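Chemist: sequence plus the predicted model coming up.
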Amino acid sequence: MESSLAVAATTIGALLAGVLIGVVAMRAFHRRILAAEVARATATASAAAAATANAELNVLRDALARHETASSITERTGNVAELLGPIRDTLSRYEDMLAGIGRSHAQTAGAIGERLEAVSLAGESLRRETRHLSQALRSSNTRGQWGELQLRRVCELAGMIEYCDFDTQTSVRNDDGLQRPDLVVRMPGGRRLVVDAKAPLVAYLDATSATDDATRARLMSDHAASLRGHVTRLAAKKYWSQF
């Protein structure tokens with residue numbers, strides 16, 4: 001009986017010890033699980049915190065880089081502005097100079113235009129007077145008067161004095177009638193130089209206004225023939241026998 005009780009007590013004690021050991025083991029298992037969960041949670045939290053910190057750090061780095069870039073640009077811009085200051089002043093002076101040159105050119109162009117207009121008017125007047133003179137020279141009477149006037153001016157420009165060094169329109173009479181040369185120059189030793197300024201010009205004037213070479217050549221031939229005939233008529237006057 002006592003032995004049975006002892007066995008029972010031993011068995012119960014063993015069971016209690018097993019239960020206690022199981023309880024202890026379960027608690028240790030739960031503690032390990034809890035520690036693992038805590039470690040995992042801690043790691044997750046640390047990772048999230050690290051990611052957040054890295055993101056914030058990257059934002060700060062970007063902001064710092066932008067600030068440094070802006071500062072660098074501002075500094076360089078300031079330096080460039082300082083460097084460009086003299087160039088800007090030089091360009092301004094050149095612009096003022098070019099504007100002055102432009103105004104001067106405009107004034108010069110206006111003056112040249114006025115002068116060209118005056119030259120054009122003078123040329124037109126000269127052409128008109130030349131045309132009138134050409135028409136007047138076709139008259140033998142007018143041509144003679146013009147020749148006498150030019151001959152007297154030539155003598156005066158040579159330093160000769162009328163009635164002292166030369167006479168105009170001196171008249172003499174011979175068997176063929178009255179002779180009146182345009183000018184008689186008084187030479188040393190009582191000699192005389194007789195000048196007759198009249199000459200045929202109609203064919204020559206026509207030749208100068210001809211529009212083609214053939215007509216011009218024909219008219220110049222007519223002018224040469226007229227001059228030849230005029231020289232023959234002058235020789236027939238025999239001025240040398242009267243002066």
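Modeler: Yes, it's here. Residues are numbered from 1 along each chain as shown.
Chemist: give me the three-state assignment for the closest residue to Asp196 other than its chain neighbours.
Modeler: The shortest distance from Asp196 to any residue other than its chain neighbours is 5.1 Å, reached at Pro181 (C-beta to C-beta, 6 or more residues apart in numbering). Backbone N, C-alpha and C define where each C-beta goes, glycine included. Here Pro181 is coil, with the state taken from DSSP: H, G, I helix; E, B strand; the rest coil.
Chemist: from Asp62, how far off is Pro181?
Modeler: As for Pro181, its distance to Asp62 is 118 Å (criterion: C-beta to C-beta, to the nearest Å).
Chemist: also Arg216?
Modeler: Where Asp62 is concerned, Arg216 sits at a distance of 96 Å (C-beta to C-beta).
Chemist: could you check which of these two has the larger neighbour count?
Modeler: Neighbour count, other C-beta atoms under 10 Å: between Arg216 and Asp62, Arg216 has more, with 15 against 10.
Chemist: you'd agree that one is in a helix?
Modeler: Yes. Checked against three-state DSSP, Arg216 lies within a helix.
Chemist: grab the nearest non-local neighbour of it.
Modeler: Using C-beta to C-beta, 6+ apart and skipping residues adjacent in sequence, the residue nearest Arg216 is Ala210, 4.0 Å away.
Chemist: same thing with Gly144?
Modeler: In space, Gly144 is closest to Lys198, 5.0 Å off (C-beta to C-beta, 6+ apart).
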